[in-house]
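Asker: sequence-free structure coming up:
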């Protein structure tokens, strides 16, 4: 059985850690706030006091944190894990971050004699339990090969998008953008329907019963139809950050992305004005507010 | 077996007519250009010289034409069918038109002693053969009840969105808008991916293999990924008209719909500048052009 | 001295009427609510009980009302003025309405043996007193020639944009759109400045002291800088109607107008959600709200 | 007379240098490509071989280059000027750059015992000859006071927007955005007019003769009306960079700026697809192309 480390124990990190333990691996975990390590210890994981300590013996180090600066601190800050990895070990970078962040870390890993695989996942935390996530990987062939044996513990399939460590990050960001676009489109359509005398529930049922009969439209559409955005799965500020990265990539690469602008603007308003205690999909309520159907939510 | 009429023999109208005949009904057809009636005659339909002649004996009159003015002419113009319908007959108005058009026709039907059911369909013509369309109906209960027996010949399910003859039209228009939004979102995402070094095919496979694993994203996404927009299913000017109706409804009802604006603008440019010989989804190529990836298509 | 009539005594209509009287003309006025005619009578005007009565002797009939349906009712409704005009008289249609409305009225005038000049004005009511408006005219040469002598009483200059009765309406609508675009641009810039630590007043002074040193930017910019949108000059619903007409024209003619969409959306929200007791320029506050700087205004 | 240095001899730098010489100051110039220094030497300037050499004796060092990286290289690269400035000297940073760039340089100046004033200018190069620019300054009071005596040689007025070295940069970027917004608005309006049968020249004359009677609308509007975007004043890629900075600021500060998105998108397409040999205002042609009025320009 392999020696592994997993850093970052949010919802998704915890679910991944649990599955890796269940699959029989020796896992050491680390989280900035230590109490989240406790349930993992109960399952059999070791808990380390620092990120550096956690990775010393690991063949593969999984990271799952909430953004570029968190990942950079974890890797390169005080007691950062990157310099502590053993030669030849592989960092599986699963967080949703800028392509440039994984590219920069890949260069530092190369100098250090370690490797990086960018490996964001698609799916919700509850999909991990049944190993129903998908993983999209990019990076050097050798690194991808070394991490490959561990994906079945958490995912039902892997997609390889090439050697560039930034590639899989770009794909993940595009996926989040496409989710946002689908939500905004439903918000506009359901709001028009409501103001035309067709209930949100009615149009939701027609759409998700016919041409948009897919889990994404059903689950997110249900929130848009009922305007009940609890419980909070991912916070608005997280997805705002993701869409912000999309727009930065779009600007850097010279790609007009007008729908991405609209989704980002609604997320920006959601972060600026609300308490942030509803799921990120609650940005859809801005459409109802702009149409005068609902009183604006204010923190 | 029932006496039926079907007016408008485009792709969808032909497919519906064929299925109604196969289901054993006595069908009379009419089309503005008569040669399209020939294949239906071969299947056993009668062909009438005018719309008025076609409907004289019909219990239900199905109409499937390409827009508001075509429907108005067919119903109310020279030899229009509405005044020729027999008392108590029902008009099943299946075309994608403005809610106001069906509302106006419903009032005229009421004065005339006939009935109208708005009944747009979801699906492509090839879905009719296997009766895999869905129908969304709205109108008076009596009218819906009288037409209900005939839907199984063409559809796998019916959705009832109430008594307002405009309601089902609104739902259909929203569906076309949501398709356009999904296509535009893929175009933006795939173009960003391509300019970032991830091929359109790669991101297409990841997205439609994971969270967007649905027939719509697969079929339309394949066109956006390959940028091959042949064969022409529905012409750009038809969908431009539909999005135009969406924006008119949005303006009339006071609903800001920024994504709908974007899709309409791209369709408008497609109609204004190209030969119109590619499928309506080809509006997605405007995104590639705006990013400088492709030379603009010009008629 | 000429026999004239003026129908519609809002702010602008009153100001125009007063100047025509002061210029020595014999003026008959009519307003839907009669009390507004009183100040004009005090200045020497006759007041008629109906629109039809008002125009019987007039060589030129000026109309200044708040939209297409008001103008159509006034001209063609019960006691409408159009059929009551004497042969050869000219209707100077000054309201901001759809080009199609003036084109339709022009055809009816032609059948009736009268003439129509489309003649929207640029400027605020207080510019009338000193005859500082501008008039933009379109229509038949004969009609423009007959009305020409009366413009100096209210305007400092006339622009002729051709024979099409719709042309001057299009120009007027474009002018209102351009004002809205300038206001929205200032709202976005001033809001970015404020969130960056530069006060709205500071950036206002730089902009209107340098490259945007013009009356429009100074007066509207002052409102955007102070966010004081009183007194109400023109109501939000009036300008919303104008931008709505712009978008309809844009859709009919196949012109993508993304800025016009944005301004319309903000006006739509303003009408849907606020009390409407602030000037139309108050749509600029939506930008501050979307950025989380201000609590949303709710009626 | 003061010892001054000016680094960066593009159109604007040359014009500023000439005026400082004419005002009697001892000026040393530097430009990356040396031949541009020749005309300044003919007027009496000294020419230095490096940026560091140029500033050794200077009380005030003016910089006017085309972007953030050019300014950073000039100040901090090989033979960079910042470490070569004498104690107490002031850097007047006139380029249009990100607020963060001037903030970063200000900190380095402080460590070095020198000072920075952010001082972008408003106006075109030909306005310098007659000292008709405006300057917007921000930075420490002492620094602003020390540079103040030199502004009258080039400008007709100064605006002080506070102590933050980023403030004046933000204001300058907002100004460029507002110009872009005015140009896009004219492009949309003139294109709608043209497709409605009113010539671009006609609507241009009405607008700039009435409510938009200002130099900016007249000069830029003339280009939009004639669609003649030569000669090239500022290149599209320069203004694209500026709008890109605006959007980055907007995203960082949480300000939805939909019009800025639109202008940036049109500039992005202009840079991606055209030869870049027309003035930046040529992005307005994208509107004509999108409406199908003109064949797209392709490099």
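Answerer: In hand now; what should we look at? Keep in mind it's a predicted model, so treat the numbers as computed, not measured.

Asker: What residues does chain A have near chain C?
Answerer: Contact residues, chain A versus chain C (Cβ under 8 Å from any Cβ of the partner chain): A:258, A:265, A:268-269, A:271-273, A:289-293, A:295-296, A:298. All C-beta spots, glycine's among them, are computed from the backbone N, C-alpha and C.

Asker: Within reach of chain B, which of those residues are there?
Answerer: Residues of the residues of chain A next to chain C in contact with chain B (Cβ under 8 Å from any Cβ): A:258, A:290-292.

Asker: Spatially nearest residue to residue A:118, not counting backbone neighbours?
Answerer: Closest residue to residue A:118 apart from its sequence neighbours, by Cβ to Cβ, 6 or more residues apart in numbering or on different chains: residue A:168 at 4.1 Å.

Asker: Check the secondary structure at the one you found for me.
Answerer: helix (DSSP: H, G, I helix; E, B strand; the rest coil).

Asker: ok, how many other residues are close to it?
Answerer: By other Cβ atoms under 10 Å in any protein chain shown, 28 other residues sit near residue A:168.

Asker: Quick check, it in contact with residue A:137.
Answerer: Yes. The criterion here is Cβ atoms under 8 Å, and residue A:168 meets it with residue A:137 at 5.7 Å.

Asker: and for those two, which residues touch both?
Answerer: Common contacts of residue A:168 and residue A:137 (Cβ atoms under 8 Å, 6 or more residues apart in numbering or on different chains): A:118-119, A:161.

Asker: What is the nearest of these to residue C:199?
Answerer: The closest of those to residue C:199 turns out to be residue A:118 (Cβ to Cβ; 43.8 Å).

Asker: returning to that earlier point: can you tell me how far the residue nearest to residue A:118 sits from residue A:136?
Answerer: Distance check for residue A:168 against residue A:136: by Cβ to Cβ, to the nearest Å, it reads 5 Å.

Asker: what is in contact with the two at once?
Answerer: With Cβ under 8 Å, 6+ apart, residue A:168 and residue A:136 have common neighbours A:119-120, A:161.

Asker: quick one: the helices in the stretch 1-150 of chain A?
Answerer: Remark: helices assigned in the stretch 1-150 of chain A by DSSP state H, counting those that start in this stretch are A:11-22, A:38-43, A:51-55, A:68-76, A:99-112, A:125-129, A:141-147.

Asker: averaging pLDDT over each of these, which comes out lowest?
Answerer: Sorting the helices of the stretch 1-150 of chain A by mean pLDDT places helix A:125-129 lowest, at a mean of 78.

Asker: what number of residues lie near residue A:49?
Answerer: Close neighbours of residue A:49, defined as other Cβ under 10 Å, add up to 11.

Asker: what residues are up against it?
Answerer: A:30, A:34.

Asker: sorry, back to before: nearest to chain C, of the shared contacts of residue A:168 and residue A:136?
Answerer: residue A:120 (29.4 Å; Cβ to the nearest Cβ).

Asker: list the contacts for that closest one?
Answerer: Counting by Cβ under 8 Å, 6+ apart, residue A:120 has contacts A:94-96, A:135-136, A:168-169, A:171-172.

Asker: mind running it again at 10 Å?
Answerer: A:64, A:93-97, A:102, A:133-138, A:168-173, A:175-176 (Cβ atoms under 10 Å, 6 or more residues apart in numbering or on different chains).
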